[in-house]
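[1] Next comes the sequence, and after it the predicted model I'd like to discuss.
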Amino acid sequence: MFKKMAIVTLLAGALAALAVTQPPGGGRRAQGGRPPGPFRGAPMMFGGGGPMMMLGLLNNPQVRQELELTEKQSTKLQQLVNQLREKFRGLGLQLRDLSPEEQAKRLETIKAEVEKELEKVLNEQQLKRFKQISLQVQGYGALAQTDVAKEVGLTEGQLKQVREILRESAEKRNAILRQGATGKPQARFQEMLKIRQWVNEQIEKLLTEQQKNKWKELIGEPFKLELQPFRGGRQQ
């Protein structure tokens with residue numbers, strides 16, 4: 001049951017990241033005229049990594065500037081993001097009836113497909129930096145992904161503990177999200193930040209010094225993603 005919840009949470013976080021691919025001010029507002037989410041870019045920080053999170057990051061102005069994209073690359077990248085977003089529309093419904101193992105396999109396949117397409121637009125250095133930024137945005141929660149855990153050198157026991165921590169954090173986040181429009185967006189956002197900090201602290205306790213150093217190598221130079229308030233909601 002826990003494993004299934006973890007996979008579903010990962011999917012929810014990945015799909016939520018689609019919100020940041022919308023242009024500022026676009027989309028309809030929630031009932032009552034209130035923005036449905038706390039801050040643009042927040043889903044990327046609080047959800048698990050995945051193909052949709054990658055698309056969200058690629059459409060972020062700060063990330064594009066950091067990658068030093070040429071005008072030609074920017075045009076191609078925008079076309080790619082739009083194409084993939086449309087291709088994966090309805091992914092949640094497709095995965096809903098699959099087993100946790102099948103869901104994970106499907107997401108891994110899609111992620112690999114996205115990375116393969118990115119290789120056609122980004123050069124080697126840009127792709128490396130993009131992956132570093134992606135890991136930084138996810139934080140230690142990225143260690144729940146099998147490939148990242150392997151690179152850092154996590155044991156099976158550590159990986160199991162990491163996923164359990166993420167399961168607990170997902171329950172805490174869901175409790176906050178269930179407040180809906182009854183709570184103030186900024187207050188909810190601050191609570192989400194506290195949960196993210198808790199996750200990082202708990203996972204860091206599990207790591208050896210060697211694993212921490214390996215993680216630092218993987219994430220590269222620090223990159224700060226500045227979040228901005230929503231000016232509009234998600235498109236329905």
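    It's in.

[2] who does the longest helix seen in the chain touch, helix- and strand-wise?
    In the chain, with assignment by DSSP state H, the single longest helix is helix 156-177. If you count contacts as 3 or more CB pairs under 8 Å, 6 or more residues apart in numbering; DSSP states H and E, helix 156-177 packs onto helix 2-16, helix 146-152, helix 185-204. Heads up, the C-betas are built off the backbone N, CA and C, glycines and all.

[3] Can you list the helices and strands that the longest one packs against?
    In terms of contact count using 3+ CB pairs under 8 Å, 6+ apart, helix 185-204 is assigned the packing partners helix 42-46, helix 156-177.

[4] next structured bit after the shortest one?
    Following helix 42-46 in sequence order, the next helix or strand is helix 51-58 (DSSP states H and E).

[5] Show me what secondary structure element comes after that following helix.
    Assigned by DSSP H and E, the successor of helix 51-58 is helix 61-67.

[6] after that following helix comes which helix or strand?
    Where DSSP H and E defines the elements, the next helix or strand beyond helix 61-67 is helix 71-87.

[7] Return the set of buried residues in stretch 112-121.
    114, 118, 121 (16 or more other CB atoms under 10 Å).

[8] looking at the helices and strands packed on helix 185-204, which has the lowest confidence?
    Per-stretch mean pLDDT for the helices and strands packed on helix 185-204 is lowest at helix 42-46 (a mean of 41).

[9] Low-confidence ranges, the chain, go.
    The chain contains residues with pLDDT under 70 at 1-51, 100-101, 104, 180-183, 227-236.

[10] hang on, isn't Tyr140 packed against Val199?
    Yes: applying CB atoms under 8 Å as the test, Tyr140 and Val199 come out as touching, 6.5 Å apart.
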